[in-house]
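>>> Need a 3D model of the following:
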Amino acid sequence: MHSIFSFFTGAGFLDLGFEHEGFSVDMVNEFEPEFLRAYRHARRVLGSPEPVYGHHLGSIEELLSGRRMRLLSKLMDDVRARGRKVGFVGGPPCPDFSIAGKNAGGSGENGRLTGVYFDLIRLAKPDFFVFENVEGLWRTRVHRQFYDDRKAEVEDAGYVLHDRLVNAIWYGPAQDRSRIFLVGVLGGNPNLQFPWEAGMTFDESVMRAPWPQETPFGAIETARMPQGIIRELTVQHWFERNEVETHPNAGMYFRPKTDKFFQIPEGSTNSKSFKRLHRWRYSPTAAYGHNEVHLHPTLPRRISVAEALALQSLPKEFELPTDMSLTDAFKTVGNGVPYLAAKGLARSVSLHLAAEIEISQGSRD
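From the prediction side, this is the model:
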């Protein structure tokens, strides 16, 4: 078992995926009080263990100070003394790199926290780390330069890096969500390939299935699943699987009144707002903000928190506090790494670390 120190934790989807693949979540750091409250609530309901070194509320920047860095190093030494490796995992805030966001880059209020995360890795030197962020950091020229510069810094600090632009749907969530995953191993073997596919259930070909397009809202003929699609990757499957109608967060949804809720066709996702899910297709990226949450496929309303959690492939037992504001609830859900993607990535990381250890031990024999 290896240990995880979690940063930019949110409601803990990434942590849960790693935990369910055998990692121990030993320290948590989150800046937003409501997100940390949601994290603790959800894990209490699931029966997940408390982190050995506690929940830390505050900015990751505080950890770069001399006293905090010494404390962090002491905790890491304690973990290693028990025969475990220490890994940092985190997905810093992404709006400054998002194609649909502010594009302020690494100098933006949120974007600079990506640089801080890499600084923390470079100075604290965990045995491995995971970084997650939006595809804009990969595809946009100026953002890609910022990303490549940060990678060069941690390579100079001794890390062997493996990165890939992946789509969450390859891991099983019913969601088209492209993200960067970067994994670094301190003193790793540069000739060892990272087993990305080991944690994946599908590949790029799933997008070529004959997914239905738009259907008039309320049309009876869409009640039956079309031929040739993958049921496990549909909104309908996840709503049924997670029993969203009776889930504790079922009643949590925005209630604006407008005729548009009856006019938008099922599966219409071309406009920036008022996108309606299709029950027999996967969801577009769950990126919610300013009360703009996707519309329910068959009801004249926006989806609920319970339905959003289902689209993020969380276990049906996962829930947020029912007294949490809708804005905070949808923000933390939209910010999270889909659970099955986190779990699949964690499986690949686990296999890779095992291979690294085997090679290292073999070289000493």
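>>> Tell me how far the one helix or strand Leu75 maps to lies from the chain's centre.
Take DSSP states H and E as the rule and Leu75 turns out to sit in helix 66-81. Put simply, helix 66-81 sits 26 Å off its chain's centre (CA atoms, centre = their mean, to the nearest Å).
>>> tell me which strands and helices it is in contact with?
Other elements packing on helix 66-81 under the criterion 3 or more CB pairs under 8 Å, 6 or more residues apart in numbering; DSSP states H and E are strand 3-7, strand 24-30, strand 86-90, helix 112-124. C-beta coordinates here come from the backbone N, C-alpha and C atoms, glycine included.
>>> Make CSV from the ones you listed and add mean pLDDT, distance to Val79 and mean neighbour count to it.
Listed next are these as CSV, based on pLDDT from 0 to 100; distance: least, CB to CB, whole Å; neighbours: other CB atoms under 10 Å:
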stretch, mean pLDDT, distance to Val79, mean neighbour count
strand 3-7, 97, 5, 26
strand 24-30, 97, 7, 23
strand 86-90, 98, 5, 25
helix 112-124, 93, 12, 20
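>>> any chance of those in CSV, plus distance to His41?
Below are the helices and strands packed on helix 66-81 laid out as CSV (distance: least, CB to CB, whole Å):
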stretch, distance to His41
strand 3-7, 16
strand 24-30, 13
strand 86-90, 20
helix 112-124, 25
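>>> what's the closest of the ones you listed to Pro338?
Distance to Pro338, taken as CB to CB, is lowest for strand 86-90 among those, at 14.6 Å.
>>> Adjacent strands (with direction) for the closest one?
Applying DSSP bridges, strand 86-90 is found paired with strand 3-7 (parallel), strand 128-134 (parallel).
>>> closest to Lys331 out of the ones you listed?
That would be strand 128-134 among these, by CB to CB, at 15.2 Å.
>>> Just want the angle from that closest one to helix 112-124.
Angle, strand 128-134 to helix 112-124, by axes from the mean of the first three to the mean of the last three CA atoms, to 10 degrees: 170 degrees.
>>> before we move on, back to that, now the helix holding Leu75 against strand 3-7, angle please.
Going by the same axes, to 10 degrees, helix 66-81 makes 150 degrees with strand 3-7.
>>> any residues touching helix 66-81, and which ones?
If you take CB atoms under 8 Å, 6 or more residues apart in numbering as the criterion, helix 66-81 is touched by 3, 5, 26-27, 53, 62-63, 85-86, 123-124, 126-127.
>>> Among those residues, which pair sits farthest apart?
Checking the contacts of helix 66-81 with CB to CB, the most distant pair is Glu62 and Lys85, at 24.6 Å.
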